[in-house]
Structure formats: C-alpha cells, structure tokens
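Novice: Mind folding the following:
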Amino acid sequence: MIPLIWEYSYQTDIGRVRSHNEDAVQIFKRDQLLIMVAADGMGGHASGDVASQMAIKFIQNEFNNGLIINTQEAASTWVRYVLEQVNGDILAYAKANDVLLMGTTLVIAIVTETFIAIANIGDSRAYLLAFGKLRQLTKDHTFVRELVEMGQITEHAAKRHPQKNVISKALGANERLEFDFFTLEHYEASGILLCTDGLTGLVEEQEILTVLENGANTGEKVQELIAKANDQGGWDNISIALLEFKEGSAHA
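Specialist: Predicted coordinates:
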C-alpha cells in the first residue's frame, strides 16, 4: 500500500471583538494515525478557555502515552472514554471553583488509512472535502437546529435567528453525556476541515470551498480562512484544523 501523503495545519485566532480566546485546536500525528480536535469554550475568561484546554490536553496526554487506534470499535471506545473523563473533569473543576457556567464544544476526527471516525458535541463542525464539494459531516447541537428539525422554522430563518448560537449540548453542561459518533469507511476525499463557529458563523460554505480548492498550501489556506472571518467582523474566536490528502496519496 502506498503511504498516504498527509499535509495539515491548524490555527486559532482571537478575532476582532473578544478580549480573550476561549477556543483550542490541535492536530496530533504518529505513523498512519492522525487526530484532529477543535473546541470552543463557554463561560468567559478563566472558565471557557480552561474547559477547552482541558479537553485538548487530555487528548494530548492520551496520544503521547502511546495511543493506538486501528479499528472502528477501538475509536468508538476511546472517544467515549475521553468525553466521559473530560466531562467529569470540567464538572468537578466548576464545582471546586464555584463556577456557575463552564463548558466546551468538541469535535474530533480520527483519521486512519482505512476509516475516519468523527465525534462531536456542540456546534463546532467537521467537513469532508471530496470531488470538488464540501459536505458538513456533523450536526449542530443547538436550540435553533432543533427547531429546524421539528419543522418550526426554515433553514433560511435559522441563519438569522436571534438564538442561533444557543448550544443544547456541551461538555461540562450535564452529568448525562450525549454526543454523536460515526465512521466513514473506505473513504475517498481530498480534505477534512474542523472549525469552530467563529468561521462558519461569518464565512459561507461556498467561500470556504473556494479557499480550499485554490492552489495555496495547507497553512496558507487556514490563514486565508481566518482572514476572511475577520474581514466579516471577527465577532468570535476562530479556530481551524485542516488536513489535506495531496495528489499521489492512496485511499484504502
């Protein structure tokens, strides 16, 4: 089997309005295992940023301790373990420090040669770039998304709804953990994008696709996407993780 040619980049930006950055983003790679993660903390300074960093650091420690994921079952088991541990850690921290509001969204992509596993809680998203199209893989866990699914409002109305950023699920929000998990087998793709809503709240998906399809390198594309969000007002922190499968790579 020809090894996959993986190029990746990640970056977080405070934006143009917020006084501090509650986002966290990282990519970890060893051999033919790559893990992407993005988190958007909630609760303000010294709580939201703590929550998102707790999630990233827990995953980093797991990875650095020799994490092996070579089956879809292993990916599912590990993701549940991570989310349960981080959820409990955030709840315990909030209780010990008398913090009333503390939590974080989280989206994880586990990439191997034969499958991609995606997990998410909240409204940070994962996208798949394939055959010149950008497809949102994750479902937003928001109040407005629930209204759309119940048929109470349209997709068009959802984009302008005053409560469009109200999260219905997050790590640290409840002892009872609910998240989405799914896998893609024998995938054919040219890229995977993870991002917080600081990007998708301001930059249309067609604009994102245009950037991803240009001839720039992976890092330049990430920087260009962040610049576009800031040009549109930068009302939130912006975090992006981008993985690209370059020409000549093989997808099992």
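
Novice: looking only at pLDDT, what's the mean for the longest helix belonging to the chain?
Specialist: As assigned by DSSP state H, the longest helix anywhere in the chain is helix 72-96. Per-region confidence: helix 72-96 scores 97 on mean pLDDT.

Novice: chain center to it: distance?
Specialist: Computed by CA atoms, centre = their mean, to the nearest Å, the chain-centroid distance of helix 72-96 equals 16 Å.

Novice: by contact count, what packs against the helix or strand following it?
Specialist: Downstream of helix 72-96, the first helix or strand assigned by DSSP states H and E is strand 103-104. Applying 3 or more CB pairs under 8 Å, 6 or more residues apart in numbering; DSSP states H and E, we find strand 103-104 packed against strand 33-42, helix 48-64. No exception for glycine: its C-beta is placed from N, CA and C like everyone else's.

Novice: Mind listing residues that contact strand 103-104?
Specialist: 22, 24, 39-43, 48, 51-52, 54-55, 90, 122, 167, 170-173 (CB atoms under 8 Å, 6 or more residues apart in numbering).

Novice: Same check on stretch 212-220?
Specialist: Outside stretch 212-220, the residues that touch it by CB under 8 Å, 6+ apart are 7-9, 11, 129, 132, 134, 191, 193, 221, 224, 242-244.

Novice: Any buried residues in it, and which?
Specialist: Buried residues in stretch 212-220, counted by 16 or more other CB atoms under 10 Å: 212, 218.

Novice: Repeat that for stretch 6-21.
Specialist: 6, 8-10, 12-15, 18, 21.

Novice: Could you dump the residues you listed into CSV with secondary structure added?
Specialist: Below are the buried residues of stretch 6-21 laid out as CSV (DSSP: H, G, I helix; E, B strand; the rest coil):
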residue, secondary structure
W6, strand
Y8, strand
S9, strand
Y10, strand
T12, strand
D13, strand
I14, coil
G15, coil
R18, coil
N21, coil
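
Novice: Stretch 44-54: how far from the chain's middle?
Specialist: 16 Å.

Novice: Could you figure out how far the longest helix of the chain is turned away from helix 48-64?
Specialist: 140 degrees (axes from the mean of the first three to the mean of the last three CA atoms, to 10 degrees).

Novice: Report all helices and strands that helix 72-96 contacts.
Specialist: Judged by 3+ CB pairs under 8 Å, 6+ apart, the packing partners of helix 72-96 are helix 48-64, strand 106-111, strand 115-121, strand 180-185.

Novice: Tell me which of the ones you listed sits most buried.
Specialist: strand 106-111 (a mean of 26; mean count of other CB atoms under 10 Å).

Novice: Just checking: what are the partner strands of it?
Specialist: Sheet pairing of strand 106-111 (DSSP bridges) gives strand 33-42 (antiparallel), strand 115-121 (antiparallel).

Novice: re earlier: out of the contacts of stretch 212-220, name the ones that lie in strands.
Specialist: Members of those lying in strands (criterion: DSSP state E): 7-9, 11, 129, 134, 191, 193, 242-244.

Novice: Which two among the residues you listed are spaced furthest apart?
Specialist: Comparing all pairs in the ones in strands among the contacts of stretch 212-220 by CB to CB, the longest separation belongs to Q11 and L134, at 18.9 Å.

Novice: follow-up on the earlier one: of the strands paired with strand 106-111, which approaches E204 most closely?
Specialist: Across the strands paired with strand 106-111, the minimum distance to E204, taken as CB to CB, is reached by strand 33-42, at 19.2 Å.

Novice: tell me the angle of the closest one relative to strand 6-13?
Specialist: 10 degrees.

Novice: average pLDDT across strand 33-42?
Specialist: Strand 33-42 shows a mean pLDDT of 97.

Novice: what do you get for stretch 105-112?
Specialist: The pLDDT scores in stretch 105-112 average 97.
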